[in-house]
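Asker: Any chance you could fold what I've pasted below:
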Amino acid sequence: MRLLWLCLLPGLWCAAQETPEPGTLTGIVLDANTGEPVARAALTLSLAARPGLSIDELPPHHETITASNGRFRFIALPPGRYYLRARKAGYLLQHYNPRPRATGAASIPVSAGPAPTQVEMRLLPQAVVSGRVLDENGEPVERAHVALEALEYSPLGRQQLWPTQNTATSDLGEFRFAGLPPGRYYLWTRLRPTLMIEDLPRLRDPDVEIETDYVPVYYPNSPDIEGATPIDLEPGSDIQGLDIRPRKFPVYRISGRVAAHDVPGAPTKLMLFPHQSSPLAALAGPRTRIQPDGRFEFAGVPPGRYHIAALHEGGEGRNPWLWQSEVHIGKRDVTNVTIAYNEPARIACDLSIEGDDSDAPTRAPIVVSLMPMEGPIVATPHGRSEHRRTFAIESVVPGHYWVQVSGRPQPDSWLKSIIFDGREVDESGLVLQPGASARLTLVFAPNAASLAGAVVNRDGETVPGVTVALVPERPNPTRRDLYPTAVTSSDGSVELKDLAPGRYFLFAFDHLPPGAHPDPQFPKPPPTPAPPPQNEPRRRPQTQLRPPAPLPQ
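Answerer: Below you'll find the model as predicted:
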């Protein structure tokens, strides 16, 4: 990874002349492991489109199939930047990138004229993981819930386990995961498949002092991630015989009463999910019915920190997430828990565009999502403008949130500020109290900045397929629009548009996990001193991003 400091100014961008003369793209698709040609791979070529376009505005795409020698050809292409995608059984679904293991898609600039643009695309063979789930007697467990998870970055830029794939075991206790990219994974299973069979109250055995039961475990047999054995996969790996043999651990009970359980729209079921679990593990957690008198009980709960919330069943009535509570369980049962009802909050949203005081519809819809600052992200209140300047987010569960904004009201605009009840929203987020009626104002400004340049190594050679990332001089992980990324194209060039003007650090990463660079703990080079601000013109020559040493090929 390499670093450059820069300052972006409003309206700063670089444009290129275009011509209507068509171009041609040719190339070959190879196996990344063997170098052999890949025949009959399905290719899709799409012209790069500006974010925020509707489906009707997207340009048409081109399709073809590789020949027996792996070669392909696209003709009569309008000049521009394209993205190439390949699909073939036994391989990963991939976008073109000269570095096959990279996560981003590299664009391909196609020039006008008869001289074709040529590329070489290498496909990674899929990795496969298979095994069985067996009980303490070695008997197969049918319909056990099995998931493959990986450590990834959450929308807040923090690492946590996220589900990659999930399945249920067969009648032989077998499971199989295919189509896996290289990386490190953790295998997780739950013997009680609560997504299929509802947990009902279980009687306590009076002769048992401490109850034991099967609890969710990580491979080979650990109730927490610290004791799990990771599974490292390379392209084409086929790891078989991963047998999980869960055993029984001490478990406890949580019981209590649901307040306001008899009002219209009240829930009839509750679910329990660990505080630091992945969304899939959270939604697969224990569930129980609420009795007519409002009582409830969860059985077979291992020690830990949990949230209890109403099961989100949708439909009419009140938002089920308005009933919830937090519980810490140690080495004893927890009783007399009250699931409180929270009066919902409402947020009125306004869109403001500097220099435009009209009420005219916006060109593109804006989506505002409230992301919980704590716990797994299993419910995100949101509102959509539908091209209007005013809209609302209804029935919001009181709590601590940060604001995520998707879309721009018009081309070349940028999100200048987020105002919550007259206060600028910073990295601390916003807090909604029960029954609150608040106002959120999104202030957009015209003349967004743009950045164009190239990544080169010490020898002056362009470096394709690396990820370029901006980090604001003043970090604010809750403003994800201030952390844009792009992948250098096949000629090493890169372009970032619709940027908020300001002072940034610029990095070039050989490999950047999605969502990682807002994390202050993610390793980066030490910042170089920022030059003093200067009055710069609205347009300037392209910037070359020169790393001090060659990047690995």
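Asker: now the helix or strand harbouring residue 109, how far from the chain's geometric center?
Answerer: If you go by DSSP states H and E, residue 109 is part of strand 108-110. Averaging C-alpha positions (CA atoms, centre = their mean, to the nearest Å) puts strand 108-110 28 Å from its chain's average.
Asker: Check the average confidence over that strand, would you?
Answerer: For strand 108-110, mean pLDDT rounds to 93.
Asker: which strands and helices sit next to it?
Answerer: Judged by 3 or more CB pairs under 8 Å, 6 or more residues apart in numbering; DSSP states H and E, strand 108-110 is in contact with strand 23-31, strand 80-87, strand 117-123. Any C-beta I mention is one placed from the backbone N, CA and C, and that applies to glycine too.
Asker: quick check, distance from the last one to the centre of its chain.
Answerer: What that stands for is strand 117-123. Chain-centre distance of strand 117-123: 28 Å, with CA atoms, centre = their mean.
Asker: any idea how far the residue located most distally from the centre of the chain is from residue 140?
Answerer: In the chain, counting by CA atoms, centre = their mean, residue 207 sits farthest out from the average C-alpha position, at 48.0 Å. Distance from residue 207 to residue 140, counting by CB to CB, to the nearest Å: 30 Å.
Asker: Just want the phi and psi numbers for residue 482.
Answerer: The phi and psi values for residue 482, taken as degrees, to the nearest 10, are phi -90, psi 0.
Asker: residue contacts, residue 406?
Answerer: For residue 406, the contact set (CB atoms under 8 Å, 6 or more residues apart in numbering) comprises 366, 367, 369.
Asker: Distance of it relative to residue 373?
Answerer: 19 Å.
Asker: Same check on residue 365?
Answerer: According to CB to CB, residue 365 stands 26 Å off from residue 373.
Asker: And for residue 36?
Answerer: Residue 36 sits 50 Å away from residue 373, going by CB to CB.
Asker: Can you pick out the residue with more neighbours from the two?
Answerer: residue 373 (15 against 9; other CB atoms under 10 Å).
Asker: so how far is residue 489 from the more buried one?
Answerer: Going from residue 373 to residue 489 by CB to CB gives 37 Å.
Asker: can you check residue 296 too?
Answerer: Residue 296 is 57 Å from residue 489, by CB to CB.
Asker: Compare the two (neighbour count), which wins?
Answerer: Neighbours were counted for residue 296 and for residue 489 using other CB under 10 Å; residue 489 has more, 25 against 21.
Asker: quick one, helices of the stretch 151-300 of the chain?
Answerer: In the stretch 151-300 of the chain, the helices defined using DSSP state H, counting those that start in this stretch lie at 279-283.
Asker: shaky segments in it?
Answerer: Within the stretch 151-300 of the chain, the stretches with pLDDT under 70 are 155-157, 192-201, 276-284.
Asker: what are the ranges of the strands in it?
Answerer: Secondary structure of the stretch 151-300 of the chain by DSSP state E, counting those that start in this stretch: the strands cover 159-168, 174-180, 183-190, 212-214, 217-218, 231-233, 238-244, 248-250, 252-258, 269-274, 287-289, 295-301.
Asker: Save the ones you listed as a markdown table, and put in distance to residue 480 too.
Answerer: Conversion of the strands of the stretch 151-300 of the chain to a markdown table gives the following (distance: least, CB to CB, whole Å):
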| stretch | distance to residue 480 |
| --- | --- |
| strand 159-168 | 16 |
| strand 174-180 | 27 |
| strand 183-190 | 23 |
| strand 212-214 | 39 |
| strand 217-218 | 30 |
| strand 231-233 | 29 |
| strand 238-244 | 35 |
| strand 248-250 | 39 |
| strand 252-258 | 36 |
| strand 269-274 | 25 |
| strand 287-289 | 33 |
| strand 295-301 | 35 |
